[in-house]
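**Student:** Next one to model:
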Amino acid sequence: MNLLFPLFAVLIWSLNAVVSKAAAGAIDPAAISFYRWLLALVTLTPFILPSVWRNRAEIKKYWWKFMILGLLGMVLYQSLAYYAAHTVSALFMGIIASLIPLLTVLISLVVLSVVPTVGIAVGSLVSLGGLIWLVSSGHPELLLQQGVGMGELMMFAASASYALYGVLTKRWAIPVPNWQSLYLQIIFGVVMLVPNFLMANDVQLNEHNIPLVLFAGIPASIIAPFLWIKGVHHLGANLATIFMNLTPIFTAVIAVLFLHEQLHSYHLIGGGITLIGVILAQRLRTPLFGRREPTLLVEDKQES
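**Tutor:** Predicted coordinates for the structure are as follows:
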């Protein structure tokens, strides 16, 4: 039963990648980014604001950290994904999102001074090969002629932003309960999203995009984090994190069924190689230089 918590959380986040792609033709990226987090903020306020107010003295000490986390997790991560969805497929988005655990480990080498392992070294090279195959649609030589598209770069930047978010969350270990922390990050995120929202050409809500905003604002931003936190609590971060490797699989199935995207051989080859690299980085923990490796896990995935 406890396995269902992270399983359904990952399923919701995979659905959200498809929703992001569907939103590309239905609503401006700046609009859905703002509406999503505004909806989450309004929904959480009756439940979280009283405890935030009681804890305000402690919270004031860390306001700038909540602001940075809000920038990385709410503003950059999902906003970049919404913009990337205009030029890349949901399949591609799911595969790149699966790199987040590996990117988290790579960033932690610098920020947390984590000891490099055989898995990190080998997994990084393997995932890089898979990523090159995926981005080039199975023709790596074309990258030398055409380069990498803006959508691909934005999706990679989005994943790197969330990886940095996870590393800073672990490094700072802010002594504030998870839901209060998430709520404060959302507040800063909404505030920072306002300028881009005001500059957008069309922010109108209609019968076509309201369901997309509702899904992004409630299941993806509130229900999935709740399930993930429960999963980590019952199973531990090590076991729960394994379920994140299902993201590209779930996303691919949903994208093919509901968006009728074409699943090509380069998706299977590139995505499979990339995923193998991520798994190697997670599982092979032998230190490269003979020192014991500190445990590094993706413990808090609060939104996607």
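**Student:** ends of stretch 231-239, how far apart?
**Tutor:** From its first residue to its last, stretch 231-239 covers 9 Å (C-alpha to C-alpha, to the nearest Å).
**Student:** Return the distance of that stretch from the chain's centre.
**Tutor:** Counting by C-alpha atoms, centre = their mean, to the nearest Å, stretch 231-239 is centred 18 Å from the centre of its parent chain.
**Student:** The chain should start at 223 in everything you say after this.
**Tutor:** Fine by me, first position is 223 from now on; the one you just mentioned is stretch 453-461.
**Student:** May I see the buried residues of it?
**Tutor:** For stretch 453-461, burial by neighbour count (16 or more other C-beta atoms under 10 Å) applies to 453-454, 457, 459. From N, CA and C alone the C-beta is placed, and that goes for glycine too.
**Student:** Sort out for me which of these are in helices.
**Tutor:** 453-454, 457, 459 (DSSP state H).
**Student:** Pick out the most distant pair among those residues.
**Tutor:** Spatial extent of those (C-beta to C-beta) is set by the pair Gly453 and Ala459 at 9.3 Å.
**Student:** Show me where the stretch 423-526 of the chain dips below the pLDDT cut-off.
**Tutor:** Where the stretch 423-526 of the chain drops to pLDDT under 70, the residues are 460, 512-526.
**Student:** go with 90
**Tutor:** For the stretch 423-526 of the chain, applying pLDDT under 90 flags the ranges 423-424, 447-448, 450-526.
**Student:** what's the answer for the stretch 273-422 of the chain, then?
**Tutor:** 300, 309-328, 330-346, 349-374, 385, 388-389, 391-392, 395, 400.
**Student:** Now do the same for Ala253: helix, strand or coil?
**Tutor:** At Ala253, secondary structure determined by DSSP: H, G, I helix; E, B strand; the rest coil is helix.
**Student:** secondary structure class for the closest residue to it other than its chain neighbours?
**Tutor:** In this structure, Ala253 finds its nearest non-sequential neighbour in Val425, 4.1 Å apart by C-beta to C-beta, 6 or more residues apart in numbering. The three-state label given to Val425 by three-state DSSP is coil.
**Student:** show me the contacts for Val425.
**Tutor:** By C-beta atoms under 8 Å, 6 or more residues apart in numbering, the contact set of Val425 is 250, 252-253, 256, 419.
**Student:** Show me what the strand or helix carrying Phe410 is in contact with.
**Tutor:** Phe410 belongs to helix 400-421 when elements are defined using DSSP states H and E. Residues from elsewhere that reach helix 400-421 (C-beta under 8 Å, 6+ apart): 252-253, 255-256, 259-260, 262-263, 266-267, 269-271, 273-274, 277, 281, 285, 288-289, 291-293, 295-297, 301, 396, 398, 425, 443, 447, 451, 522, 524-525.
**Student:** And for stretch 262-281?
**Tutor:** Taking C-beta under 8 Å, 6+ apart as the rule, stretch 262-281 contacts 288, 397-399, 401-402, 404-406, 408-409, 412, 439-440, 443-444.
**Student:** Return the set of buried residues in it.
**Tutor:** 262-263, 266, 270, 274, 281.
**Student:** Return the member of the residues you listed nearest to Met372.
**Tutor:** Ala262 (27.9 Å).
**Student:** ok, so what distance separates that closest one from Lys283?
**Tutor:** Using C-beta to C-beta, to the nearest Å, Ala262 is found at 24 Å from Lys283.
**Student:** Restricting to C-alpha, output the helix or strand hosting Val240 in PDB.
**Tutor:** Assigned by DSSP H and E, Val240 belongs to helix 226-245. C-alpha atoms of helix 226-245 as PDB (Å, rounded to 0.1, in the frame of the first residue of the first chain):
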ATOM      1  CA  LEU A 226       1.300   3.600  -4.000                       C
ATOM      2  CA  PHE A 227       2.200   7.000  -2.500                       C
ATOM      3  CA  PRO A 228       5.300   7.600  -4.700                       C
ATOM      4  CA  LEU A 229       3.900   5.700  -7.600                       C
ATOM      5  CA  PHE A 230       0.800   8.000  -7.900                       C
ATOM      6  CA  ALA A 231       3.000  11.100  -7.200                       C
ATOM      7  CA  VAL A 232       5.200  10.200 -10.200                       C
ATOM      8  CA  LEU A 233       2.200   9.400 -12.300                       C
ATOM      9  CA  ILE A 234       0.700  12.800 -11.600                       C
ATOM     10  CA  TRP A 235       3.900  14.600 -12.400                       C
ATOM     11  CA  SER A 236       4.100  12.500 -15.700                       C
ATOM     12  CA  LEU A 237       0.600  13.600 -16.500                       C
ATOM     13  CA  ASN A 238       1.700  17.200 -15.900                       C
ATOM     14  CA  ALA A 239       4.400  16.900 -18.600                       C
ATOM     15  CA  VAL A 240       1.600  16.000 -21.000                       C
ATOM     16  CA  VAL A 241      -0.600  18.900 -19.700                       C
ATOM     17  CA  SER A 242       2.300  21.300 -20.200                       C
ATOM     18  CA  LYS A 243       2.500  20.200 -23.900                       C
ATOM     19  CA  ALA A 244      -1.300  20.500 -24.300                       C
ATOM     20  CA  ALA A 245      -1.100  24.000 -22.700                       C
END
